[in-house]
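Asks: fold the following, please.
(one chain, ligands or ions: 1)
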Amino acid sequence: MKKHLSPDPFKNTRATSGCAHMDDQNDPVTMILRLKDVRKTAHNWKTFQSGATPGRIVIPSEVKIRDTRQIPFEVDPPLHGSFRALLDPWFKRPLEADYKAKLSTQIKALVENVLKADKVETVAEFSLCLQSHALTLLLNTDGSEADTWIGWGTHVFRSEHDPLDGNKAALLYDYIDAQIKSAAINPRHDLYSVLLAAQVDGKKLTFDEIKGIMILTFAGGRDTVINAVTNTIAYFAENPESLVRLRNEPEIIGRAIEELIRYFAPLTQMGRVATEDTQVCEHAIAADSRVSLCWASANRDESVFESPDEVILDRKLNPHVSFGFSHHNCLGATHARQIMRILIDTLIEKVSSIDILDCEENIETLGEFSRKVGFHRLNVKFNPR
Ligand code: EMZ
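Replies: Here you go, the predicted model:
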């Protein structure tokens with residue numbers, strides 16, 4: 001099998017049942033697999049809440065390793081809307097010319113650097129570096145902070161052999177605590193200082209609210225961006241004609257980005273907790289039990305997407321849910337799309353082909369399903385134009 005491929009493990013169950021069940025630390029989850037049901041459930045925040053015990057809507061659940069509520073994604077309307085109103089303008093900054101220019105400088109330097117090497121481990125030496133440097137722009141913080149974050153590895157709450165690593169999370173928490181405290185003493189121009197000066201619904205944010213926003217900013221866009229970038233490199237390695245096509249038809253790059261993000265669905269699913277006895281496509285859901293919005297399955301729904309298992313770079317109808325759906329749509333999506341845009345522009349300009357040398361896939365186990373979400377290791381050689 002080609003290394004870039006991401007097979008759809010949900011196909012049969014999506015067609016026959018529409019839902020699947022998985023256990024997660026004795027707190028079972030009903031996975032919702034069809035696009036229409038995923039969208040309807042995401043929209044219905046009164047019955048399917050995000051504001052449950054912190055960590056419970058994440059799968060695997062993080063309740064055992066954290067009690068800080070991540071904001072805004074673990075908050076329901078109407079408070080959720082007040083936080084989004086504060087945060088949305090800041091997270092739209094990646095559209096500004098100055099931001100794009102800085103991101104472009106970072107990505108160009110990184111690509112030029114890997115072009116000099118005989119072998120590059122894409123996850124650690126490329127995607128993680130790219131993600132961490134780009135995050136200094138999103139936070140508007142000192143560029144040298146990236147080196148600290150790179151040292152933490154690809155996931156904030158997981159380590160190589162531990163899917164829930166509380167000690168690792170403590171590293172991030174201590175770091176964020178120290179950053180908030182120092183910004184409180186000496187105000188700066190970064191996100192910490194913006195949050196310290198801000199108000200939501202006429203009130204200053206508490207320390208824990210600021211911390212919750214910062215944790216989400218670090219955690220939510222980390223493995224997801226790394227997966228998106230690494231999978232994109234694997235795709236171009238095995239489809240060199242696509243690089244040529246995008247070079248010749250730059251007008252389809254926007255659509256190509258959406259398609260790569262649809263196909264690879266960097267975040268498999270996100271949970272909700274039912275506030276009452278209810279049902280989803282004829283499956284009974286008990287009050288206080290969990291459902292998941294399975295973005296990865298919904299993106300392959302054959303009743304919506306033609307040839308869902310193919311990457312069609314200029315796909316026209318593409319209502320994918322890789323960035324979630326409804327009011328909780330991904331706050332970092334503008335930043336993520338800008339990263340993909342500049343990455344593709346840079347590859348087109350500087351790279352002729354990419355050879356995969358060896359790899360180890362990152363497979364998630366979700367009850368009866370196994371899903372490839374990316375790579376633990378992807379050694380490649382970038383060849384210059
Ligand atoms: C949470 C989540 C947010 C969670 C949009 O996703 O990302 C996961 O990777 C983290 O582990 O804590 O931030």
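Asks: and the stretch 201-350 of the chain, which residues reach the ligand?
Replies: By CB under 6 Å from any ligand atom, the residues of the stretch 201-350 of the chain that approach the ligand are 216, 219, 220, 223, 267. Using the backbone N, CA and C atoms, a C-beta is placed for each residue, glycine as well.
Asks: switch to 5 Å and redo it
Replies: Neighbours of the ligand within the stretch 201-350 of the chain, by CB under 5 Å from any ligand atom: 219, 220.
Asks: now the strands for the stretch 201-350 of the chain?
Replies: Counting by DSSP state E, counting those that start in this stretch, the stretch 201-350 of the chain has strands at residues 203-204, 270-274, 278-280, 283-285, 290-293.
Asks: what sits against residue 205?
Replies: Listed by CB atoms under 8 Å, 6 or more residues apart in numbering, the contact set of residue 205 reads 195, 196, 198, 199, 213.
Asks: so the first one, which of the three states?
Replies: Following DSSP: H, G, I helix; E, B strand; the rest coil, the label given to residue 195 is helix.
Asks: centroid residue for the chain?
Replies: With distances taken as CA atoms, centre = their mean, residue 224 lies nearest the centre of the chain, 3.1 Å away.
Asks: what about the residue nearest to that residue when sequence neighbours are not counted, neighbour count?
Replies: The shortest distance from residue 224 to any non-neighbouring residue, by CB to CB, 6 or more residues apart in numbering, is to residue 266 (4.2 Å). For residue 266, the neighbour count with other CB atoms under 10 Å is 23.
Asks: give me phi/psi at residue 266?
Replies: Dihedral pair for residue 266: phi -60, psi -20, per degrees, to the nearest 10.
Asks: all helices of the stretch 201-350 of the chain, in order?
Replies: Shown for the stretch 201-350 of the chain, the helices assigned by DSSP state H, counting those that start in this stretch span residues 207-220, 223-238, 240-248, 253-264, 295-298, 333-350.
Asks: next: the stretch 51-200 of the chain.
Replies: Remark: helices assigned in the stretch 51-200 of the chain by DSSP H, counting those that start in this stretch are 79-91, 97-115, 128-139, 145-150, 166-185, 191-197.
Asks: distance to the ligand and mean neighbour count for those helices - can I get that in TSV?
Replies: Below are these laid out as TSV (distance: least, CB to the nearest ligand atom, whole Å; neighbours: other CB atoms under 10 Å):
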stretch	distance to the ligand	mean neighbour count
helix 79-91	13	16
helix 97-115	21	16
helix 128-139	12	22
helix 145-150	14	16
helix 166-185	9	15
helix 191-197	16	19
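Asks: of all the ones you listed, which lies closest to residue 9?
Replies: The closest of the helices of the stretch 51-200 of the chain to residue 9 is helix 128-139. By CB to CB, the value is 26.2 Å.
Asks: list of residues touching that closest one?
Replies: 91, 93-94, 99, 102-103, 106-107, 110, 142-143, 145-147, 149-150, 153-154, 190-192, 217-218, 221-222, 225-226, 229, 332, 335, 339, 343.
Asks: recalculate using a threshold of 6 Å.
Replies: The contact list for helix 128-139 (CB atoms under 6 Å, 6 or more residues apart in numbering) reads 99, 102-103, 106, 110, 143, 145-146, 149-150, 154, 190-191, 225-226, 229, 335, 339.
Asks: now the stretch 101-250 of the chain, which segments are flagged as low pLDDT?
Replies: Residues of the stretch 101-250 of the chain meeting the criterion pLDDT under 70: none.
Asks: give the contact list for the closest residue to residue 335 other than its chain neighbours.
Replies: Nearest residue to residue 335 in three dimensions, chain neighbours excluded: residue 94, at 4.6 Å (CB to CB, 6+ apart). Residue 94 sits next to 334, 335, 338 when contact means CB under 6 Å, 6+ apart.
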